[in-house]
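with the input below, show me the fold.
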Amino acid sequence: MKIPAARRAASALLALSLSTLYPATVYAQCGSASWYALTSKTASGERMNPSAMTAAHRKLPFGTKVKVVNRRNNKSVIVRINDRGPFVGGRILDLSKAAAAKLDFVRAGHTNICLERVK
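Prediction:
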């Protein structure tokens, strides 16, 4: 059964209007984060570089960039997801040592953060 042209046009216009009013949901998450400084291969196949701005997340695709904000001091950094983890219960992100240093929690080892996907 063929849909009339006027109805197809109205549907397309409605979809365009809704996508303008309601853009794609931004991925955001808050929880605990830690840091690691291994130099072994990551799950993405690249070697872990403790001085790079990278992180491990359980589900986000490799290459995704996220803004991470330390909830204790409001410092932020943008990192690229290149590994899987963390494998400690209750944690949502493992950051490179360099990223942890920018967020000022190397000495503590872990902190509370919020992250959101950036374009």
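
how many residues are close by residue 62?
Per other C-beta atoms under 10 Å, the neighbour tally for residue 62 reads 15. Heads up, the C-betas are built off the backbone N, CA and C, glycines and all.

tell me how far it lies from residue 32.
Residue 62 is 22 Å from residue 32, where distance means C-beta to C-beta, to the nearest Å.

same check on residue 44?
Distance, residue 44 to residue 32, by C-beta to C-beta: 23 Å.

and if you look at residue 42?
Applying C-beta to C-beta, the value for residue 42 to residue 32 is 21 Å.

in a helix, that's where residue 113 is, yeah?
No - under DSSP: H, G, I helix; E, B strand; the rest coil, residue 113 falls outside any helix and is assigned strand.

got a pLDDT number for it?
pLDDT recorded at residue 113 is 97.

can you pull the buried residues of stretch 30-45?
Residues 32-36, 42, 44 are the ones in stretch 30-45 that count as buried (16 or more other C-beta atoms under 10 Å).

and if you look at stretch 71-85?
So, applying 16+ other C-beta under 10 Å, buried residues of stretch 71-85: 77, 79-85.

so which of these comes closest to residue 100?
residue 77 (9.0 Å; C-beta to C-beta).

can you tell me the helix or strand for the closest one?
Here residue 77 sits within strand 76-83, counting by DSSP states H and E.

the helix or strand just after that strand pairs with which strands?
Using DSSP H and E, the helix or strand that follows strand 76-83 towards the C-terminus is strand 91-96. Strand 91-96 pairs in its sheet with strand 28-36 (parallel), strand 54-56 (antiparallel), by DSSP bridges.
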